[in-house]
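Colleague: just need the structure, nothing else, for what follows:
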Amino acid sequence: MKPTVTLLFLLLCLGVCAQEPAAEPSVAELSAEVEALKAKTSTWDKILSRLPEISGYVQAGYEWSDNSSSFFIKRVRLNLAGAIVPKLDYRVQVEFVSPKIVDAYLRYRPFDQLNFQLGEFKLPFSIENTEYVPLKYEFIEYPLPLRRLMGFNDICGLSATGRDMGAMLYGSFLKRGDFSILSYNFGVFNGEGLNVKDKNKSKDIVARLTLRPAAGLQIAGSYYWGEYGADYLKRVRYGAGACYDRGPMVVRAEYICGTTGLPEAAGELDSDGWYAVGGWRVTRTLMPVVRYDTFREDTSLNASRQSNYTAGLLWHPVKYLRCQLNYTYEDYASPAVSNRNVVSLMFSGIF
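Modeller: Okay, the predicted model is just below:
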């Protein structure tokens, strides 16, 4: 009987010991675990901060005119951007329609008043070329003077989306709230377009000065001097304009002119044009816009003038989708060219 009682007593003691809670970790042990977790988190944060931000968009649509009808893909862009160290960042943007690199630059920004940019990027000429990128621009096409005189479909033969390879200094002064009253850009470029080495020893110079007397209002002047091709053909451009873009209203106008040297001793061609834009944000997502743009390829020949009258509707229903509808009446001064109506619809998918 006694061994049985002893056995039961030992089993009871073991059960009681098993039900006792385990000893709680000490404060020192908890602190060590927290520090280890912080170290792991810090390491991942450093790795993630070095990775580029990836974004991009696809623009596709349909165009109908009096003599044509076609679906189109306008742009397919992938953008990589990031910071190497504080105040030193980079950007690479690739176009997959007619594949090419459209932006690839390093940017060092030590002060508001003095910054440096090197690589391939937008020329600091014109309000629309510098500040109204495709996902901000209200229309499907840029105006004629900009396209014909600033490297989109240039008279000199360049097709470079308003970009070039070079170096630029820029900065701003007199900070007031979320804008600066005075800003400048000064750059030196090859003058040959996208991903192309200079074909002569001359370098093109571009300068822009912008005055912002009030929030949303800017007055800007631009100057371009250059020589393109192995024959050092002249390419000079001037631009001046004003823009108010704040709240529901946008109003913008600009005059652009220039002289272009022609190959094979054909002399020089003086050209000019201007545009005016007006728009009203009826709601946060809906904006009707109108534009008049006109361009004379040869200022001595009025028959070289083309004038476009455009009415458009911009609808931005969600963050990642933009819808644009444009109607344009193209008026040609030359009796040899027929006027035409053009209707364009474009969707931008953003990621």
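
Colleague: okay, CA-based contacts and neighbour counts for the rest of this
Modeller: Fine.

Colleague: now the helices for the protein?
Modeller: 2-19, 27-50, 127-131, 144-149 (DSSP state H).

Colleague: mind telling me which of the ones you listed the model trusts least?
Modeller: Note on these: lowest mean pLDDT is at helix 2-19, with a mean of 45.

Colleague: dig out what residue 53 forms beta bridges with.
Modeller: residue 81 (DSSP bridges).

Colleague: what about it, distance to residue 169?
Modeller: 25 Å (CA to CA, to the nearest Å).

Colleague: neighbour count: these two, which is higher?
Modeller: residue 169 (19 against 13; other CA atoms under 10 Å).

Colleague: quick one, what contacts the residue most central in space within the chain?
Modeller: Nearest to the mean C-alpha position of the chain, counting by CA atoms, centre = their mean, stands residue 133 at 4.1 Å. Contact analysis of residue 133 by CA atoms under 8 Å, 6 or more residues apart in numbering lists nothing.

Colleague: any figure for the gap between it and residue 141?
Modeller: Counting by CA to CA, the gap from residue 133 to residue 141 is 11 Å.

Colleague: for residue 339, same thing?
Modeller: Computed with CA to CA, the distance linking residue 339 and residue 141 is 18 Å.

Colleague: which one of the two has more residues nearby?
Modeller: Counted by other CA under 10 Å, residue 339 and residue 141 do not tie: residue 339 has more neighbours, with 16 against 11.

Colleague: list the beta-bridge partners for the closest residue in space to that one that isn't next to it in sequence.
Modeller: Residue nearest to residue 339 in three dimensions, not counting chain neighbours: residue 331, with 5.0 Å by CA to CA, 6 or more residues apart in numbering. With beta bridges defined as DSSP bridges, residue 331 has these partners: residue 307.

Colleague: got the contact list for residue 331?
Modeller: 306, 307, 308, 338, 339, 340.

Colleague: show the buried residues in the residues you listed.
Modeller: 306, 307, 308, 339 (16 or more other CA atoms under 10 Å).

Colleague: would you confirm that residue 63 contacts residue 72?
Modeller: Yes. The pair residue 63 / residue 72 is scored as a contact, 7.5 Å apart, by CA atoms under 8 Å.
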